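> Let's see this in three dimensions:
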Amino acid sequence: MKEKKEKELPFKVPEFDEEEFKKTESTKAFATLVVTAIAILMAVVSTFIWKSLQVDYMSHAWPISFCVGMVGLVLIPLFFKLLRIDFTKIGKSTWFFSAFSYFFLLLAFFVIFLNPPFSDATAPHVELTTLPNVQEPGGNVKIVVKVEDNVGIDPKSFLGEVIKKTDREQSNHPISIDSIPIQDKSIKDNVIEFAYDFNPGHNANSGIKEDYLLKVKIRDVNGHFTETVVNFSYSNEAINLLKPVPSNSNLTKSETVMVELSENIPVIKNEITGEIISPIVYLKANDKTTRLIPKESGLYVSSTQVWPQGDVKVKVFAEVFSDEDGKYKNKIVDSTTYSFKVE
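Residues are numbered from 1 along each chain as shown. As a prediction, this is how the structure comes out:
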């Protein structure tokens, strides 16, 4: 059987039109530049609209402004015609790529223009801490103020005051940054931090309960104001000796100690580990000071023998902290001194 030899057809390399290729790629590149320019232009327009709306309609300003920017999709073919870009050389895939690119370019430039150094619509962030937020008469309340801003803070705009809340009137105590010693404050362009000791001058033995407001107002260099208010109080129930019962004057050396802090005094929680950092509570019996053990019930008890023999003068006090690092701390000292006879 004879094998049939198939005739092999010669392969022809298609002709490459170099000039046509260059024109097509140049057209696509120019179209991309036009899309980028329109995206930047509409991002500027959207930013201007956002600035006009955000004062009164902050929750709706961003989506409204971005939707206005998307109108640029309609402008793309108009600009292509105006600039005589040959549509036949672009193709459907390039049209899709142009729309896709425009969306993300608009989003990117809009976000850039919304932030410094182009824009600033964010008021300073103020953190106020009162140590403690319930204090015994005669003690200081350490006021910790921390202000942060993304651009810069105007220290001269700081207005702080402690307001005593009463039935008939309000008496206030102004706080001035200038009155705080240099070593107790840190003033930088973007952060202000300082601590201030407030004491209304109560008699340590006065059985009072008074409520106060701490009010702070400050602005950044672009005129955005923040006003923050926190409450604190003075009460002779901030820290109490529950056991031994104060009315029982005769004790044995094995007598249990139990101290209670006001429930309004917060504990610190480590956000990463979840560890609870409680105030540290002490009992001082004459010259002997014992650290008490915190319980889940919120009470503090002794784990060792704390009582010296004979006549004993007792004070209980606690240390409270602003954070887990203990950068700022203060004491709550029971305004009552207890007397016992230990056998």
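
> so how many other residues sit close to residue 266?
The number of residues packed near residue 266 is 13, by other CB atoms under 10 Å. The C-beta positions use only the backbone N, C-alpha and C, and glycine is treated the same way.

> For it, list the residues it contacts.
residue 133 (CB atoms under 8 Å, 6 or more residues apart in numbering).

> Assign it to helix, strand or coil.
Secondary structure assignment for residue 266 (DSSP: H, G, I helix; E, B strand; the rest coil): coil.

> How much space separates it from residue 134?
To residue 134, residue 266 is 10 Å away according to CB to CB, to the nearest Å.

> Name the residues of the helix of greatest length in the chain that are buried.
Longest helix in the chain, counting residues (DSSP state H): helix 18-53. Neighbour-count burial for helix 18-53 flags 24, 27-28, 31-32, 34-36, 38-43, 45-47, 49-51, 53 (criterion: 16 or more other CB atoms under 10 Å).

> which residues sit against the very next helix or strand once past it?
The C-terminal neighbour of helix 18-53 among helices and strands, as given by DSSP states H and E, is helix 58-69. Applying CB under 8 Å, 6+ apart, the set of residues contacting helix 58-69 from outside is 42-43, 45-47, 49-50, 53-54, 57, 106-107, 110.

> change it to 6 Å
Contacts of helix 58-69 from elsewhere in the structure, counted by CB atoms under 6 Å, 6 or more residues apart in numbering, are 42, 46, 49, 50, 53, 54, 106.

> Can you tell me which of those comes closest to residue 233?
residue 54 (37.4 Å; CB to CB).

> and the angle for the longest helix of the chain with helix 58-69?
Using axes from the mean of the first three to the mean of the last three CA atoms, to 10 degrees, the direction of helix 18-53 lies 150 degrees away from that of helix 58-69.

> I'd say residue 136 and residue 238 touch.
Yes - with contact defined as CB atoms under 6 Å, residue 136 counts as touching residue 238 (4.7 Å).

> list the residues that contact both of the two?
Contact criterion CB under 6 Å, 6+ apart; residues shared by residue 136 and residue 238: residue 332.

> Now for residue 338: which residues touch it?
Contact analysis of residue 338 by CB under 6 Å, 6+ apart lists 241, 246, 314.

> Now it: closest residue in space, sequence neighbours ignored.
Nearest non-adjacent residue to residue 338, counting by CB to CB, 6 or more residues apart in numbering: residue 314, 4.1 Å away.

> and the one you found, what helix or strand is that in?
strand 310-321.

> what does residue 248 give?
Counting by DSSP H and E, residue 248 is part of no helix or strand.

> separation between it and residue 256?
Going from residue 248 to residue 256 by CB to CB gives 12 Å.

> What of residue 71?
Distance of residue 71 to residue 256, given as CB to CB: 76 Å.

> same question, residue 20
Counting by CB to CB, the gap from residue 20 to residue 256 is 98 Å.

> Also residue 273?
For residue 273, the distance to residue 256 (CB to CB) stands at 32 Å.

> which one of these two has more residues nearby?
Neighbour count, other CB under 10 Å: between residue 273 and residue 256, residue 256 has more, with 11 against 8.

> beta partners of the nearest residue to the more buried one once chain neighbours are set aside?
Setting aside the residues directly before and after it, residue 256 is nearest to residue 243 in space (CB to CB, 6+ apart), at 5.4 Å. Beta-bridge pairing of residue 243, defined through DSSP bridges, involves residue 258.

> what about residue 243, how many residues close to it?
15.

> Looks like it contacts residue 258 (just checking).
Yes - if you go by CB under 6 Å, residue 243 and residue 258 touch, sitting 3.8 Å apart.

> Next, residue 307: secondary structure please.
Assigned with three-state DSSP, residue 307 falls in the coil class.

> Now do the contacts for it.
For residue 307, the contact set (CB under 6 Å, 6+ apart) comprises 253, 285, 342.
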